[in-house]
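> take this sequence and fold it.
(chains A and B)
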Amino acid sequence: GAGVSQSPSNKVTEKGKDVELRCDPISGHTALYWYRQRLGQGLEFLIYFQGNSAPDKSGLPSDRFSAERTGESVSTLTIQRTQQEDSAVYLCASSLERLAGVREQYFGPGTRLTVT
Amino acid sequence: AQKVTQAQTEISVVEKEDVTLDCVYETRDTTYYLFWYKQPPSGELVFLIRRNSFDEQNEISGRYSWNFQKSTSSFNFTITASQVVDSAVYFCALSETPGGGADGLTFGKGTHLIIQP
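Numbers count the residues shown, from 1 in each chain, chains lettered A, B, ... in the order given. All right, here's what the predicted structure looks like:
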(Lines give C-alpha, C1' and ligand atoms only; values in the text may rest on other atoms or scores of the structure.)
Protein backbone atom coordinates (compact mmCIF):
# COMPACT_ATOMS: atom_id res chain seq x y z
CA GLY A 1 0.00 0.00 0.00
CA ALA A 2 0.93 3.67 -0.16
CA GLY A 3 3.34 4.99 2.39
CA VAL A 4 3.54 8.38 4.03
CA SER A 5 3.80 11.13 1.46
CA GLN A 6 4.95 14.70 1.90
CA SER A 7 4.85 17.75 -0.30
CA PRO A 8 6.65 19.64 -1.55
CA SER A 9 9.82 17.58 -1.59
CA ASN A 10 11.90 20.74 -1.74
CA LYS A 11 11.05 24.30 -0.84
CA VAL A 12 13.24 27.35 -1.17
CA THR A 13 11.87 30.50 0.37
CA GLU A 14 13.02 33.94 1.27
CA LYS A 15 13.51 34.94 4.86
CA GLY A 16 10.33 36.39 6.27
CA LYS A 17 7.94 34.47 4.03
CA ASP A 18 5.44 31.91 5.30
CA VAL A 19 5.60 28.27 4.20
CA GLU A 20 3.19 25.39 4.47
CA LEU A 21 4.32 21.78 4.47
CA ARG A 22 1.93 18.93 3.89
CA CYS A 23 1.85 15.34 5.12
CA ASP A 24 -0.45 12.52 4.00
CA PRO A 25 -0.18 9.63 6.44
CA ILE A 26 -0.77 5.99 5.73
CA SER A 27 -4.49 5.40 5.42
CA GLY A 28 -5.99 4.32 8.74
CA HIS A 29 -3.08 5.54 10.84
CA THR A 30 -4.53 7.64 13.62
CA ALA A 31 -1.24 8.90 15.06
CA LEU A 32 0.83 11.44 13.17
CA TYR A 33 4.18 13.02 14.08
CA TRP A 34 6.30 15.88 12.80
CA TYR A 35 10.07 15.96 13.23
CA ARG A 36 12.81 18.32 12.13
CA GLN A 37 16.24 17.15 10.99
CA ARG A 38 18.94 19.75 10.73
CA LEU A 39 21.95 18.98 8.56
CA GLY A 40 24.04 16.23 10.10
CA GLN A 41 21.80 15.96 13.14
CA GLY A 42 19.33 13.52 14.53
CA LEU A 43 15.61 14.03 14.42
CA GLU A 44 14.01 16.59 16.71
CA PHE A 45 10.42 15.86 17.69
CA LEU A 46 8.01 18.73 17.03
CA ILE A 47 4.42 17.62 17.55
CA TYR A 48 2.12 14.61 17.77
CA PHE A 49 -1.49 14.23 16.67
CA GLN A 50 -3.85 11.62 17.98
CA GLY A 51 -6.69 11.86 15.54
CA ASN A 52 -7.18 15.55 14.90
CA SER A 53 -5.98 16.79 18.25
CA ALA A 54 -2.50 17.64 19.43
CA PRO A 55 -2.36 17.25 23.21
CA ASP A 56 1.00 18.94 23.60
CA LYS A 57 2.44 21.65 21.37
CA SER A 58 5.42 22.46 23.55
CA GLY A 59 7.82 20.76 21.16
CA LEU A 60 7.24 23.37 18.49
CA PRO A 61 10.39 25.55 18.33
CA SER A 62 8.62 28.90 18.48
CA ASP A 63 5.23 30.54 18.10
CA ARG A 64 6.01 30.96 14.41
CA PHE A 65 5.35 27.24 14.04
CA SER A 66 1.86 25.80 13.97
CA ALA A 67 0.34 22.53 12.85
CA GLU A 68 -3.08 21.18 12.23
CA ARG A 69 -4.68 17.98 11.11
CA THR A 70 -8.08 17.54 9.55
CA GLY A 71 -10.24 14.50 8.94
CA GLU A 72 -7.74 12.27 10.73
CA SER A 73 -5.68 12.33 7.59
CA VAL A 74 -3.68 15.14 6.05
CA SER A 75 -1.64 17.42 8.29
CA THR A 76 -0.01 20.76 7.56
CA LEU A 77 2.94 22.33 9.31
CA THR A 78 3.07 26.08 8.86
CA ILE A 79 6.08 28.24 9.54
CA GLN A 80 5.44 31.96 9.59
CA ARG A 81 8.08 34.63 8.97
CA THR A 82 10.71 32.02 8.18
CA GLN A 83 14.23 32.46 9.47
CA GLN A 84 17.46 30.95 8.18
CA GLU A 85 17.65 28.70 11.23
CA ASP A 86 14.42 27.07 10.05
CA SER A 87 16.34 25.48 7.17
CA ALA A 88 16.10 21.73 7.68
CA VAL A 89 14.36 18.61 6.48
CA TYR A 90 10.90 18.29 7.97
CA LEU A 91 9.80 14.68 8.36
CA CYS A 92 6.36 13.34 8.99
CA ALA A 93 5.58 9.91 10.40
CA SER A 94 2.43 7.99 11.14
CA SER A 95 1.59 4.94 13.18
CA LEU A 96 -1.37 2.73 13.85
CA GLU A 97 -2.62 3.13 17.37
CA ARG A 98 -3.47 -0.13 19.06
CA LEU A 99 -4.83 -0.84 22.48
CA ALA A 100 -1.68 -2.70 23.38
CA GLY A 101 1.65 -3.46 21.86
CA VAL A 102 4.37 -1.38 20.36
CA ARG A 103 3.67 0.64 17.27
CA GLU A 104 6.49 1.66 15.00
CA GLN A 105 6.40 4.95 13.16
CA TYR A 106 6.57 4.98 9.38
CA PHE A 107 8.29 8.00 7.92
CA GLY A 108 7.71 10.01 4.79
CA PRO A 109 10.51 11.20 2.48
CA GLY A 110 10.58 14.64 4.08
CA THR A 111 10.43 18.22 2.83
CA ARG A 112 13.78 19.96 2.49
CA LEU A 113 13.26 23.60 3.43
CA THR A 114 15.89 26.16 2.56
CA VAL A 115 15.47 29.72 3.78
CA THR A 116 17.63 32.22 1.91
CA ALA B 1 14.52 13.40 30.62
CA GLN B 2 15.52 10.82 28.06
CA LYS B 3 18.61 10.82 25.93
CA VAL B 4 20.18 8.65 23.24
CA THR B 5 23.89 8.76 22.51
CA GLN B 6 25.48 7.39 19.38
CA ALA B 7 29.13 8.17 19.97
CA GLN B 8 30.30 6.96 16.57
CA THR B 9 29.71 9.78 14.11
CA GLU B 10 31.08 7.90 11.12
CA ILE B 11 32.36 4.37 10.53
CA SER B 12 34.04 3.18 7.38
CA VAL B 13 34.72 -0.49 6.71
CA VAL B 14 35.51 -2.64 3.75
CA GLU B 15 32.78 -4.83 2.35
CA LYS B 16 32.32 -8.20 4.08
CA GLU B 17 33.66 -6.91 7.38
CA ASP B 18 31.45 -7.06 10.46
CA VAL B 19 30.55 -3.76 12.04
CA THR B 20 28.85 -2.79 15.30
CA LEU B 21 27.00 0.47 15.84
CA ASP B 22 26.77 1.58 19.45
CA CYS B 23 23.74 3.07 21.15
CA VAL B 24 23.57 4.14 24.80
CA TYR B 25 20.37 5.50 26.26
CA GLU B 26 19.18 7.27 29.39
CA THR B 27 15.70 7.13 30.82
CA ARG B 28 14.08 7.28 34.24
CA ASP B 29 11.24 4.97 33.25
CA THR B 30 11.37 1.26 33.96
CA THR B 31 9.29 0.58 30.86
CA TYR B 32 10.55 1.95 27.59
CA TYR B 33 11.00 1.07 23.94
CA LEU B 34 14.05 1.14 21.73
CA PHE B 35 14.20 1.41 17.97
CA TRP B 36 16.70 1.39 15.14
CA TYR B 37 16.06 3.18 11.86
CA LYS B 38 18.11 3.27 8.66
CA GLN B 39 18.32 6.41 6.53
CA PRO B 40 19.81 5.59 3.11
CA PRO B 41 21.06 8.35 0.80
CA SER B 42 17.53 8.72 -0.55
CA GLY B 43 16.61 10.20 2.83
CA GLU B 44 13.58 8.15 3.85
CA LEU B 45 13.86 6.53 7.26
CA VAL B 46 13.31 2.80 7.27
CA PHE B 47 12.23 1.01 10.42
CA LEU B 48 14.52 -1.88 11.37
CA ILE B 49 13.61 -3.09 14.84
CA ARG B 50 11.90 -2.27 18.10
CA ARG B 51 12.66 -3.70 21.52
CA ASN B 52 10.69 -3.50 24.76
CA SER B 53 12.61 -2.91 27.97
CA PHE B 54 11.13 -6.02 29.53
CA ASP B 55 12.39 -8.26 26.73
CA GLU B 56 16.15 -8.61 26.88
CA GLN B 57 16.40 -11.35 24.31
CA ASN B 58 18.80 -10.53 21.55
CA GLU B 59 17.49 -10.70 18.03
CA ILE B 60 18.93 -11.79 14.74
CA SER B 61 17.46 -11.02 11.34
CA GLY B 62 19.61 -12.26 8.51
CA ARG B 63 22.87 -10.32 8.64
CA TYR B 64 21.53 -7.96 11.29
CA SER B 65 21.63 -8.59 15.02
CA TRP B 66 20.86 -6.50 18.05
CA ASN B 67 22.32 -6.78 21.53
CA PHE B 68 20.17 -5.23 24.27
CA GLN B 69 21.81 -4.92 27.69
CA LYS B 70 19.84 -3.14 30.40
CA SER B 71 22.80 -3.33 32.79
CA THR B 72 24.79 -0.99 30.57
CA SER B 73 21.80 0.83 29.01
CA SER B 74 22.96 -0.16 25.57
CA PHE B 75 21.22 -1.39 22.44
CA ASN B 76 23.94 -2.13 19.91
CA PHE B 77 23.43 -3.10 16.29
CA THR B 78 25.75 -5.45 14.40
CA ILE B 79 25.87 -6.02 10.67
CA THR B 80 27.64 -9.21 9.70
CA ALA B 81 29.39 -9.52 6.34
CA SER B 82 28.58 -5.93 5.43
CA GLN B 83 27.55 -4.97 1.92
CA VAL B 84 27.73 -1.71 0.00
CA VAL B 85 23.94 -1.44 0.20
CA ASP B 86 24.25 -1.18 3.97
CA SER B 87 25.80 2.27 3.56
CA ALA B 88 23.45 4.69 5.29
CA VAL B 89 22.96 6.73 8.42
CA TYR B 90 21.62 4.61 11.25
CA PHE B 91 19.60 6.09 14.07
CA CYS B 92 18.85 4.65 17.47
CA ALA B 93 15.71 5.99 19.16
CA LEU B 94 13.95 5.73 22.51
CA SER B 95 10.38 6.16 23.65
CA GLU B 96 8.77 5.90 27.05
CA THR B 97 5.40 5.09 25.47
CA PRO B 98 4.74 2.23 23.03
CA GLY B 99 4.71 4.26 19.84
CA GLY B 100 6.12 7.60 20.80
CA GLY B 101 2.95 9.26 21.95
CA ALA B 102 2.90 12.89 22.95
CA ASP B 103 6.68 12.97 23.36
CA GLY B 104 7.56 11.36 20.05
CA LEU B 105 10.72 9.38 19.69
CA THR B 106 14.02 10.64 21.07
CA PHE B 107 16.69 10.07 18.45
CA GLY B 108 20.43 9.86 18.67
CA LYS B 109 22.48 11.92 16.24
CA GLY B 110 23.05 8.93 14.02
CA THR B 111 26.06 6.97 12.80
CA HIS B 112 27.06 7.36 9.18
CA LEU B 113 28.14 3.92 7.99
CA ILE B 114 30.23 3.72 4.85
CA ILE B 115 30.85 0.33 3.28
CA GLN B 116 33.67 0.45 0.77
CA PRO B 117 33.75 -2.10 -2.04
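
> A:Arg69: neighbouring residues, count only.
A:Arg69 has 21 neighbours, counted by other C-beta atoms under 10 Å in any protein chain shown. In this view, the C-beta of every residue, glycine as well, is placed from N, C-alpha and C.

> so what's the residue lying closest to it once chain neighbours are set aside up against?
Leaving aside its chain neighbours, A:Arg69 sits nearest to A:Ser75 (4.1 Å; criterion: C-beta to C-beta, 6 or more residues apart in numbering or on different chains). A:Ser75 is in contact with A:Arg22, A:Cys23, A:Pro25, A:Leu32, A:Trp34, A:Phe49, A:Ala67, A:Glu68, A:Arg69, A:Cys92, counting by C-beta atoms under 8 Å, 6 or more residues apart in numbering or on different chains.

> which of those are buried?
A:Cys23, A:Pro25, A:Leu32, A:Trp34, A:Phe49, A:Ala67, A:Arg69, A:Cys92 (16 or more other C-beta atoms under 10 Å in any protein chain shown).

> who's the residue nearest to A:Arg69 bridged to?
Beta-bridge pairing for A:Ser75 (DSSP bridges): A:Cys23, A:Arg69.

> quick one on the thing from earlier: spatially, which two of the buried ones among the contacts of A:Ser75 are the most separated?
Pairwise distances across the buried ones among the contacts of A:Ser75 (C-beta to C-beta) peak at 13.0 Å, for the pair A:Pro25 and A:Ala67.

> what sits against the residue most central in space within chain A?
Central residue of chain A (C-alpha atoms, centre = their mean): A:Trp34, 3.0 Å from the mean position. Neighbouring residues of A:Trp34 by C-beta under 8 Å, 6+ apart: A:Cys23, A:Phe45, A:Leu46, A:Ile47, A:Ala67, A:Ser75, A:Leu77, A:Tyr90, A:Leu91, A:Cys92.

> bridging residues for it?
A:Ile47, A:Cys92.
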